[in-house]
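Engineer: the sequence and its predicted three-dimensional model are supplied below.
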Amino acid sequence: MLQICGLAGGTGTTGTLYEPGEEPPSYRGAPTTDAPYVWVCDSFYAVESGGQRLELDDRTVRVAFERPTTRGFEARERAVAAAKRHIREQLARIGVRADPEFHVRPAADDA
């Protein structure tokens, strides 16, 4: 299991890439995938009112969250590339235009 984090504009987001043999979380409405690599990450967007307040480097935005994105991939390299693309898209949705600094690391062992 890998955590893939992207940081830019004073904020960031992290998703999880489940690797072969690991079971991704299931939740109501989650798509099912039989792929060996499964990416799960929040999706969010800027809203005028409501949502959650988020401080960026240059301003404050309000964000609302959608159901987490779940996507399956056959190859690790494609999964990591898609994860980075997803993180860039989420940050762009709240007005962050800088390219994120990415960190890919094994998820912390909770056992």
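Structural biologist: Nice, thanks for sending it over. Numbers count the residues shown, from 1 in each chain.
Engineer: give me the nearest residue to I4, chain neighbours excluded.
Structural biologist: Leaving aside its chain neighbours, I4 sits nearest to A83 (4.5 Å; criterion: CB to CB, 6 or more residues apart in numbering). C-beta: built from backbone N, CA, C; applies to glycine.
Engineer: can you tell me the SS state at the one you found?
Structural biologist: At A83 the chain is in helix, as set by DSSP: H, G, I helix; E, B strand; the rest coil.
Engineer: so G50 touches F65, yeah?
Structural biologist: No - applying CB atoms under 8 Å as the test, G50 and F65 come out as separate, 11.3 Å apart.
Engineer: between the two, which is the more surrounded one?
Structural biologist: Per other CB atoms under 10 Å, whichever of G50 and F65 has more neighbours is F65, with 11 against 8.
Engineer: quick check, that one in a strand?
Structural biologist: Yes - counting by three-state DSSP, F65 falls inside a strand.
Engineer: buried stuff in stretch 91-103?
Structural biologist: Within stretch 91-103, the residues scored as buried using 16 or more other CB atoms under 10 Å are 91, 94, 96, 100, 102.
Engineer: which strand residues bridge the nearest residue to the fourth one once chain neighbours are set aside?
Structural biologist: Nearest-residue entry for P100: G6, 3.4 Å, with adjacent residues in sequence omitted and distances by CB to CB, 6+ apart. For G6, the beta-bridge partners are T13, F102 (DSSP bridges).
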